[in-house]
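Novice: This is a predicted model, with the sequence first.
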Amino acid sequence: DAGVIQSPRHEVTEMGQEVTLRCKPISGHDYLFWYRQTMMRGLELLIYFNNNVPIDDSGMPEDRFSAKMPNASFSTLKIQPSEPRDSAVYFCASSFRRDSPLHFGNGTRLTVT
Amino acid sequence: QKEVEQDPGPLSVPEGAIVSLNCTYSNSAFQYFMWYRQYSRKGPELLMYTYSSGNKEDGRFTAQVDKSSKYISLFIRDSQPSDSATYLCAMSASGAGGTSYGKLTFGQGTILTVHP
């Protein structure tokens, strides 16, 4: 079991650029979550999907953020345009079903200068 | 006021000590309670999961939930240097409307160091 795979591990970009983060959930998991972790705010849920359908995106901070899940094995989180305050570690997690534990990837550390 | 409050520490203990980590919360709808461990540069990994009030033991780890006081604890017995990490409490409300167990609210995390 390869676990949840995220890419890239690190991303450094300039303000105003588009950033795309990628996630491959564990095969067979029906739920996929995007979280953001900062020192100030801790871990926050941004959006989650069930069977590739976005269920709750109330945590997405602004219209600059968008997430897609075109199939069961791939999801993207896009920020356009990026701003310095978007600097954080972004985690993807997946779970088998509604009452199963979440399995987190190792995150993407984003720095926007 | 945050929904979940957790003392960030840092907490430093000698090897073999008993460690007590705690969280308080304000949302009475929370039904599922979890503890995650996060090593540096890694994602959180689930340590313990409990539903509603009560105790749960797994090896050196014991999780306690007191819903009447809105208070949860994690105890680590015979702590080891490999337990050095950030410990995060997390909670979720069950309910209709598609609310998922996985929609977690996290505490800020407590940094624990166990020195030999």
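Specialist: In hand now; what should we look at?

Novice: Check the offset of the helix or strand where residue A:22 lies from the chain's centre.
Specialist: Residue A:22 belongs to strand A:19-24 when assigned by DSSP states H and E. Relative to the chain's own centre, strand A:19-24 is displaced by 7 Å; criterion: C-alpha atoms, centre = their mean, to the nearest Å.

Novice: Quick check: what element follows that strand along the chain?
Specialist: Note on strand A:19-24: by DSSP H and E, the next helix or strand toward the C-terminus is strand A:31-38.

Novice: who in chain A is up against chain B?
Specialist: A:4, A:31, A:33, A:42-45, A:48, A:50, A:55-56, A:91, A:93, A:95, A:98-107 (C-beta under 8 Å from any C-beta of the partner chain). In short, each C-beta sits where N, CA and C put it, glycine included.

Novice: if you set the cut-off to 6 Å instead, what comes out?
Specialist: Counting by C-beta under 6 Å from any C-beta of the partner chain, the positions of chain A adjacent to chain B are A:31, A:33, A:42-43, A:45, A:55, A:91, A:95, A:98-99, A:101-102, A:104-107.

Novice: Check those against residue B:31 and report the nearest one.
Specialist: Of all these, the one sitting nearest residue B:31 is residue A:99; the distance, using C-beta to C-beta, is 10.7 Å.

Novice: Could you say which helix or strand holds residue B:92?
Specialist: In the assignment (DSSP H and E), residue B:92 maps to strand B:85-93.

Novice: Just list what that strand packs against, helices and strands only.
Specialist: Other elements packing on strand B:85-93 under the criterion 3 or more C-beta pairs under 6 Å, 6 or more residues apart in numbering or on different chains; DSSP states H and E are strand B:19-25, strand B:30-38, strand B:105-106, strand B:110-115.
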